[in-house]
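**Student:** Dropping the sequence and predicted coords here.
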Amino acid sequence: MSTPRKTAEDDGSIAYAPVIDWDKFKPSRSSLAARKRKDGLMHALIILAFIVALIPLISVLWTTLVKGAQRFNWDFLSHNMTNVIGGQQTASGGYGGILHAIIGTLEITLGAMVISIPIGLLCAVYLVEYSGDGKLAKTIRLLVDVMSGIPSIVAGLFAFSVFTIIGGPGTANGFEGSVALSLLMIPTVVKTSEEMLKIVPNDLREASLALGVTKQRTITKVVLRTSLPGIVSGVILAIARVIGETAPLLLTAGYIVSTNMNLFSGQMTTLPVYVYQEYSKFRAYCPEDAGASCVAAIPMQRAWSAALMLIVIVLILNLIGRIVAKIFSVETKR
Amino acid sequence: MGQRIDINHLNIYYGNFLAVEDVNMHIDANKVTAFIGPSGCGKSTVLRTLDRMHEITPGAHCTGEVLLEGQNLYAKDVDPVAVRRDVGMVFQRPNPFPTMSIRENVLAGARLNNRKIAKSDADDLVEWALRGANLWNEVKDRLDNPGIGLSGGQQQRLCIARAVAVHPSVLLMDEPCSALDPISTLAVEDLINELKRDYTIVIVTHNMQQAARIADYTAFFNLKAVGQPGHLEYFADTTTMFSNPQNEEAERYISGRFG
């Protein structure tokens, strides 16, 4: 305990500072114990939340892997659904396949990328480098936010109506699906690219401009180049978001059993639509005299295998994105 | 060769805010001119108007004249991009391009302007610029390593090499040593002493010993109060500035009895 400190007031009188009993400010043993209990409790809660979040993920992966592996073979990957009758074996010895759906998914997604990456990236460049946060920029940001909340079926309806106006009623082709998907992709591309462009240090822009480099070259050669790894991961995320879309593609790209390589004409099947269609068949017809080679449960098995293929495609895309990001990453080693 | 700069009635604004008021100054060719003064007095702002980097900040503009060898940088038909090729700049924090190697960093000024250069010409330019920045012997064996792998002082000399590789006539330096340790600072100061043979150098510094060591002329900027515009208080050759200043404010600032 300290002796009270003497101080002179403004009017000249002598005053003493209050005497402090510091023991009162020490944490008591019970409060320390309570803190420890709370810490333990929160720790357990966080781990629990983590496990709860992991359960559906692992369950989905495991179920798809186990059920999908059953019919997941080269014959399934290299054939389409033509000449498949009920649950009977086809001439090749398989039970139909997803070749047409894989091609459809890749082409339609590629089409969506070709539309949305340039638009989204240019939009982000405008927002970060040119807009100066003016009224137009605020409007664009608002619209992008609204756009990212559009239900996917509405995007499908939009593409459907546009192509009905252009190509007459009943128009369905792969590109129509690409348009629907690009509507869903653009907001994600804009937002992630904008964030990535924003974190490029201003120092680098100034360094480039001070060398007498034009603004356009500064943006393409310095700003975009520096943020490339981040933009690539953003784009991959956007693709992963749309590659599993079913509803808009049912409306726009349609559903066929044969392989259609032409994105711009004729219906196309994608993997999610294929999964949906097989699932809605539920069981295939097997005549009474058909032997053991006729599998009545084949549609569900095909649906699982196609779902597995979709997961594999997304994984491969992720891997490609990581490799690209790694190649173009900013190296720091000496 | 360096070129002289004449500043006439320069008023610099950020939006509506007058940041620096009525600067009149003559900067000699092939000399080192240092800008000193308290924080917020507008030294860096004045420096950035000399290569038209000031106007990059949204809303920033200025009135008056900056004459480079008699040519007004702010004349209507002058392209700011061309000005920046003639007046190079080195920043406070070393800022080599992180995606580029040492070699690419030096060549950035030429490459980014889409000029095709033969490899032998490029090699010569890299060696010339790096030798000019006293960095060649330290990095000649690892030109393809990333520029940001160098130490802070080496990075700053790399930035100087990058700036001189564009072959400017004036070099502006905005506190180039404030992020460096004393040994790197010494290396950069030695370099500045050599560079003034070929360039006119203007340097902003907070370090008055540094100004006394390297500058031929010193400009003291001051501001009356926070929120008031800064102005050029006193301009003199460095010996006069530090031994016998004819200005009370400058004398108070230099002797540390400021404010």
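**Tutor:** It's in. Residues are numbered from 1 along each chain as shown, chains lettered A, B, ... in the order given.
**Student:** Output stretch B:143-153 as CSV, nothing but the C-alphas.
**Tutor:** In CSV, the C-alpha atoms belonging to stretch B:143-153 read as follows (Å, rounded to 0.1, in the frame of the first residue of the first chain):
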residue,chain,number,x,y,z
LEU,B,143,19.6,-11.5,-62.8
ASP,B,144,16.8,-13.9,-63.3
ASN,B,145,15.9,-14.1,-59.6
PRO,B,146,12.9,-12.2,-58.4
GLY,B,147,13.6,-8.5,-57.6
ILE,B,148,11.8,-8.6,-54.3
GLY,B,149,14.2,-11.2,-53.1
LEU,B,150,16.9,-8.6,-52.6
SER,B,151,17.5,-6.7,-49.4
GLY,B,152,15.8,-3.3,-48.8
GLY,B,153,18.8,-1.3,-49.8
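**Student:** Pull out the buried positions in that stretch.
**Tutor:** The neighbour-count criterion (16 or more other C-beta atoms under 10 Å in any protein chain shown) identifies B:143, B:145-150, B:153 as the buried residues of stretch B:143-153. The C-beta positions use only the backbone N, C-alpha and C, and glycine is treated the same way.
**Student:** same deal with stretch B:6-20?
**Tutor:** Result for stretch B:6-20 [16+ other C-beta under 10 Å]: buried residues B:7, B:10-14, B:18-20.
**Student:** and it with chain A, contact?
**Tutor:** No - Stretch B:6-20 does not reach chain A (C-beta under 8 Å from any C-beta of the partner chain); its nearest approach is 11.9 Å.
**Student:** quick check, nearest of the buried residues of stretch B:6-20 to chain A?
**Tutor:** Nearest to chain A among the buried residues of stretch B:6-20: residue B:14, at 13.8 Å, using C-beta to the nearest C-beta.
**Student:** Spell out which residues of chain B are next to chain A.
**Tutor:** B:51, B:53, B:56, B:58, B:81-86, B:88-89, B:91, B:93, B:95-99, B:108-109, B:111-114, B:145-146, B:148-150, B:159, B:162-163, B:166.
**Student:** So which of those sit within strands?
**Tutor:** B:88-89 (DSSP state E).
**Student:** so of the residues of chain B next to chain A, which ones are in helices?
**Tutor:** Among the residues of chain B next to chain A, the members found in helices (DSSP state H) are B:81-86, B:108-109, B:111, B:159, B:162-163.
**Student:** can I get the residues you listed in JSON lines with pLDDT?
**Tutor:** Below are these laid out as JSON lines (pLDDT from 0 to 100):
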{"residue": "B:81", "pLDDT": "91"}
{"residue": "B:82", "pLDDT": "90"}
{"residue": "B:83", "pLDDT": "91"}
{"residue": "B:84", "pLDDT": "92"}
{"residue": "B:85", "pLDDT": "89"}
{"residue": "B:86", "pLDDT": "90"}
{"residue": "B:108", "pLDDT": "91"}
{"residue": "B:109", "pLDDT": "88"}
{"residue": "B:111", "pLDDT": "86"}
{"residue": "B:159", "pLDDT": "93"}
{"residue": "B:162", "pLDDT": "93"}
{"residue": "B:163", "pLDDT": "92"}
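**Student:** quick one: which two of these are the most distant?
**Tutor:** Greatest spatial distance among those (C-beta to C-beta): B:82 and B:159, at 21.0 Å.
**Student:** For the stretch 151-300 of chain A, which residues are neighbours of chain B?
**Tutor:** Within the stretch 151-300 of chain A, the positions adjacent to chain B are A:201, A:203-214, A:217-218, A:221-222, A:225-226 by C-beta under 8 Å from any C-beta.
**Student:** Looking at those, which are in helices?
**Tutor:** A:203-210, A:217, A:225-226.
**Student:** Now do the contacts for whichever residue of the stretch 1-150 of chain B sits closest to chain A.
**Tutor:** Nearest to chain A in the stretch 1-150 of chain B, going by C-beta to the nearest C-beta, is residue B:85, at a distance of 3.1 Å. If you count contacts by C-beta atoms under 8 Å, 6 or more residues apart in numbering or on different chains, residue B:85 has them with A:211-212, B:109, B:166, B:168.
**Student:** Show me what the mean pLDDT comes to for stretch A:326-334.
**Tutor:** Here stretch A:326-334 scores 68 as its mean pLDDT.
**Student:** Tell me the one of the contacts of residue B:85 nearest residue A:54?
**Tutor:** residue A:211 (50.1 Å).
**Student:** what's the nearest residue to the closest one if we skip its chain neighbours?
**Tutor:** residue B:109 (4.0 Å; C-beta to C-beta, 6 or more residues apart in numbering or on different chains).
**Student:** Test my guess that residue A:249 contacts residue A:271.
**Tutor:** No - using C-beta atoms under 8 Å, residue A:249 makes no contact with residue A:271, being 9.7 Å away.
**Student:** Mind checking which of these two has more residues around it?
**Tutor:** It is residue A:249, of residue A:249 and residue A:271, that has more neighbours when counted by other C-beta atoms under 10 Å in any protein chain shown, with 31 against 24.
**Student:** picking up where we left off before, now the residues of chain B next to chain A: which count as buried?
**Tutor:** B:51, B:53, B:81, B:83-86, B:88-89, B:91, B:93, B:95-99, B:108-109, B:111-113, B:145-146, B:148-150, B:159, B:162-163, B:166.
**Student:** ok and the residue in the stretch 151-259 of chain B nearest chain A?
**Tutor:** For the stretch 151-259 of chain B, C-beta to the nearest C-beta, closest residue to chain A: residue B:166, 5.5 Å.
**Student:** so how far is residue A:184 from the residue nearest to residue B:73 when sequence neighbours are not counted?
**Tutor:** Nearest non-adjacent residue to residue B:73, counting by C-beta to C-beta, 6+ apart: residue B:66, 4.5 Å away. Going from residue B:66 to residue A:184 by C-beta to C-beta, to the nearest Å gives 52 Å.
**Student:** helix/strand/coil for the nearest residue to residue B:7 once chain neighbours are set aside?
**Tutor:** Spatially, and ignoring its direct neighbours in sequence, residue B:7 is nearest to residue B:25 (4.5 Å; C-beta to C-beta, 6+ apart). What DSSP: H, G, I helix; E, B strand; the rest coil gives for residue B:25 is strand.
**Student:** Kindly report the same for residue B:226.
**Tutor:** Residue B:226 ends up coil, using three-state DSSP.
**Student:** same thing with residue A:290?
**Tutor:** Residue A:290 is classified as coil under three-state DSSP.
**Student:** okay, now it: neighbour count?
**Tutor:** Counted with other C-beta under 10 Å, residue A:290 comes out at 15.
**Student:** same check, this time on residue A:50
**Tutor:** 9.
**Student:** any idea how far it lies from residue A:318?
**Tutor:** Taking C-beta to C-beta, one finds residue A:50 at 21 Å from residue A:318.
**Student:** List buried residues within the ones in helices among the residues of the stretch 151-300 of chain A next to chain B.
**Tutor:** Judged by 16+ other C-beta under 10 Å, buried ones among those: A:204-210, A:217, A:225-226.
**Student:** and residue A:259, what does it touch?
**Tutor:** A:80, A:99-100, A:103.
**Student:** What values do phi and psi take at residue B:65?
**Tutor:** phi -120, psi 140 (degrees, to the nearest 10).
**Student:** Where does the residue nearest to it when sequence neighbours are not counted fall, secondary structure wise?
**Tutor:** Leaving aside its chain neighbours, residue B:65 sits nearest to residue B:8 (4.3 Å; criterion: C-beta to C-beta, 6+ apart). Residue B:8 is part of strand B:5-14, with elements assigned from DSSP states H and E.
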